[in-house]
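[1] structure here, sequence nowhere to be found:
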């Protein structure tokens, strides 16, 4: 009888152990799955954004967002904003469309439009510039002893310009419209670091350049400005400068994109209300001399919710007439939804 009871007890213990073992395995399995889900969710909902920017005044909204903590206010951590300087608008447009960066803080609209012609719907504009003669970030410089005093004096002269077609065609279009009987200038494409030294050495007669080189040439080298903004003369207010975002990234990360737009919009408003402090931030971010930064014009950019489609459409038509783009896209198709 005692042996029988022991047998029953052993069987019962084995059954209980087997039952609890299954339960333990089930609990561990659920825990593992939950851990995997949490890990995956963290990756999906990462706040990281890769930004490309030009190391100049046109990227001031990004510099302000960092300095004033607007990214942090919108939920971005210290490591979430991966920002790197890129030398030209052409490279920003290429990287943006290819998905190497998620956003371009500011670039020329022309290379972006050319990318969109070959890769439609690959990027969306979320802010545009409003350049006038009063606030233009571009101008034409000559040496202090130059006999050139006005734009039409550049006829047949060697003028240094940014690489690409936009700068050349913009000046050429003004000559064809305003001075049809004059020979257009001879254009010499120069990388930005060569602008000042090339003019200083006398290798060119004039220099069509942008900030901060424009003010740097005036303050540190005594160059004379003989023309206000070429882009404003061509079309005013001019929306040539744009901020844009990769369309696929925008579709996959709408909440993060909205937070990013909010941070940049805060910067736009800050710059408008606090131009003196904004210039101080610019000097710090670009390692500029304070005297140079204080004299610079700041490119005004629109809020993401206030893009002027009519103004943009007019400039797109101007670009088409200059043969810079093949067709005129609808502003609503190339901009974020308002």
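    That came through fine. Because the structure is a prediction, the values reported are computed rather than measured. Numbering: from 1, shown residues only.
[2] ok, the spatially closest residue to residue 234 that is not a sequence neighbour - contacts?
    Among residues not flanking residue 234 along the chain, residue 170 sits closest, at 5.3 Å (C-beta to C-beta, 6 or more residues apart in numbering). Any C-beta I mention is one placed from the backbone N, CA and C, and that applies to glycine too. With contact taken as C-beta atoms under 8 Å, 6 or more residues apart in numbering, residue 170 is in contact with 230, 231, 234, 322.
[3] equivalent analysis for residue 250, please.
    Applying C-beta under 8 Å, 6+ apart, we find residue 250 in contact with 124, 257, 336.
[4] on that earlier part again, you'd agree the residue nearest to residue 234 is in a strand?
    No. With DSSP: H, G, I helix; E, B strand; the rest coil as the criterion, residue 170 is located in helix rather than a strand.
[5] narrow the contacts of residue 250 to those in strands?
    residue 124 (DSSP state E).
[6] could you dump the contacts of residue 250 to JSON lines with pLDDT?
    What follows is those, written out as JSON lines (pLDDT from 0 to 100):
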{"residue": "124", "pLDDT": "98"}
{"residue": "257", "pLDDT": "97"}
{"residue": "336", "pLDDT": "97"}
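[7] by neighbours, which of the contacts of residue 250 wins?
    Highest neighbour count within these: residue 257, with 22 neighbours (other C-beta atoms under 10 Å).
[8] test my guess that that one contacts residue 249.
    Yes. With contacts counted by C-beta atoms under 8 Å, residue 257 reaches residue 249, the gap being 7.4 Å.
[9] any common contacting residues for the two?
    The contact sets of residue 257 and residue 249 do not overlap (C-beta under 8 Å, 6+ apart).
[10] gap between residue 332 and residue 313?
    Separation of residue 332 from residue 313 (C-beta to C-beta, to the nearest Å): 10 Å.
[11] compare these two (neighbour count), which wins?
    residue 313 (16 against 13).
[12] quick one: the more buried one is in a helix?
    Yes. Using three-state DSSP, the assignment for residue 313 is a helix.
[13] out of the contacts of residue 170, which end up buried?
    The neighbour count (16 or more other C-beta atoms under 10 Å) marks 230, 231, 234, 322 as buried among those.
[14] so which of these sit within helices?
    If you go by DSSP state H, the buried ones among the contacts of residue 170 have 230, 231, 234 in helices.
[15] and the second one, what does it touch?
    Put plainly, it is residue 231. So residue 231 contacts 131, 136, 138, 170, 238, 240 (C-beta under 8 Å, 6+ apart).
[16] residue 200: which of those is nearest?
    Checking these against residue 200 by C-beta to C-beta gives residue 138 as the nearest, at 19.1 Å.
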